[in-house]
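Colleague: Please work out how this folds:
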Amino acid sequence: MANYTEERVSVGGTELYLTKGGSGAPVLVLHGVEGHEGWLAFHEALAANATVYAPASPGYTPTERLEWLTTITHQAVFYHWFIEQQGLGPVDVAGVGMGGWIAAQMAVLNPHNLRKLVLVSPAGIRPEKEEIFDIFITPWKDVIDMCFCDPGSSPEYERIYGGEYQEFGGPREAGRTMSIRMGFRPFFYDPALPGMLKKVSLPTLLVWGDSDRIMPRECASLYQQAISGSTLKTIASCGHWAQFEKPHELAQLTADFLA
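Modeller: Numbering: from 1, shown residues only. Here you go, the predicted structure:
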């Protein structure tokens, strides 16, 4: 996986770290609490049909945190700023977990910059019967393992997390802190989001792993109810991080939907 470039783009007072690859219509891919883990097999597969922009969100190494940026809405404003500055709109946006929440909030704020949405196990909506798993009171390596259905069968798990893992400090610490800042209270949801999503009319694909132990499947139904006309697809034998565990399946679903 070497068909990509790395660059720094000045946006909003910080230098956004950006990996970019492929050719075709632009797709902005937003990571979640895991942070930017480099150019992924998912990015590479998606880049066969599109120009993939995969940044490290502000506060997640190697993009410095902005003092004014403390919420999901602020991230959404930041990425609209990026799209406008780069002249990318209307652009497709694919987001995973917290990145899916940012993408959904972007659609609420300004749908005119966007074409289609792909939301992969997005946070943002509070389940009514189940609970979102509390990743902040669990050792991070255990959280990582829980985000996979079968870590041992995932080449991306082995490539990214298979070696010695630093529990505290290191390059991932800033991202965990940023996730807490944006998602701790209320815990990974916005009580206003279901109501605001009803104004969204963009074509939207929801993707859930059938073995997601972090974001309850109930949230998929709530998202589908909130976004009129949205489509829900399930990936078999897949946990919360489909971009790592089933990168080619997720890329194919995404490409087919964006075509």
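
Colleague: Alpha carbons only: can I get the longest helix seen in the chain in CSV?
Modeller: Secondary structure of the chain per DSSP state H: the longest helix is helix 72-86. Taking Å, rounded to 0.1, in the frame of the first residue of the first chain, the C-alpha atoms of helix 72-86 are listed here in CSV:
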residue,chain,number,x,y,z
ILE,A,72,-18.3,17.4,17.2
THR,A,73,-20.0,20.5,15.8
HIS,A,74,-16.7,22.3,15.7
GLN,A,75,-15.1,19.4,13.8
ALA,A,76,-18.0,19.6,11.3
VAL,A,77,-17.4,23.3,10.8
PHE,A,78,-13.7,22.7,10.4
TYR,A,79,-14.2,20.1,7.7
HIS,A,80,-16.6,22.3,5.8
TRP,A,81,-13.9,25.0,6.0
PHE,A,82,-11.5,22.4,4.5
ILE,A,83,-13.8,21.5,1.7
GLU,A,84,-14.5,25.1,0.8
GLN,A,85,-10.8,26.0,0.9
GLN,A,86,-9.8,23.1,-1.3
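
Colleague: State the next helix or strand along the chain beyond it.
Modeller: Using DSSP states H and E, the next helix or strand after helix 72-86 towards the C-terminus is strand 91-96.

Colleague: Can you show me the strands along the protein?
Modeller: For the chain, the strands defined by DSSP state E occupy 5-11, 14-22, 26-30, 51-55, 91-96, 114-120, 204-209, 231-235.

Colleague: Okay, now the unreliable bits of the chain?
Modeller: 1-2 (pLDDT under 70).

Colleague: Am I right that residue 254 is in contact with residue 118?
Modeller: Yes: if you go by C-beta atoms under 8 Å, residue 254 and residue 118 touch, sitting 5.1 Å apart. Where C-beta positions appear, they are placed from N, C-alpha and C, glycine not excepted.

Colleague: Now for those two: what residues contact both?
Modeller: Residues touching both residue 254 and residue 118 by C-beta atoms under 8 Å, 6 or more residues apart in numbering: 94, 205, 207.

Colleague: burial measure for the closest residue to residue 203 other than its chain neighbours, as a count.
Modeller: Leaving out its chain neighbours, the residue that sits closest to residue 203 by C-beta to C-beta, 6 or more residues apart in numbering is residue 116, at 4.6 Å. Burial of residue 116 is recorded as 20 neighbouring residues (other C-beta atoms under 10 Å).

Colleague: got the phi/psi numbers for the residue sitting furthest away from the middle of the chain?
Modeller: Distance from the C-alpha centroid of the chain, by C-alpha atoms, centre = their mean, peaks at residue 164 (25.0 Å). Reported as degrees, to the nearest 10, the phi and psi values for residue 164 are phi -70, psi 130.

Colleague: check contacts around the residue nearest to residue 203.
Modeller: 92, 93, 202, 203, 204, 205, 257, 258.

Colleague: contacting residues for residue 17?
Modeller: Residue 17 sits next to 6, 7, 8, 36, 55, 56, 62, 63 when contact means C-beta under 8 Å, 6+ apart.

Colleague: ok, 7 Å please
Modeller: Listed by C-beta atoms under 7 Å, 6 or more residues apart in numbering, the contact set of residue 17 reads 8, 36, 55, 56, 62, 63.

Colleague: and if you look at residue 237?
Modeller: Residues counted as contacts of residue 237 (C-beta under 7 Å, 6+ apart) are 149, 150, 211.

Colleague: Return a ChimeraX selection command for the buried portion of the residues you listed.
Modeller: One line in ChimeraX is enough to select the buried members of those, burial here meaning 16 or more other C-beta atoms under 10 Å:
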select :149,211
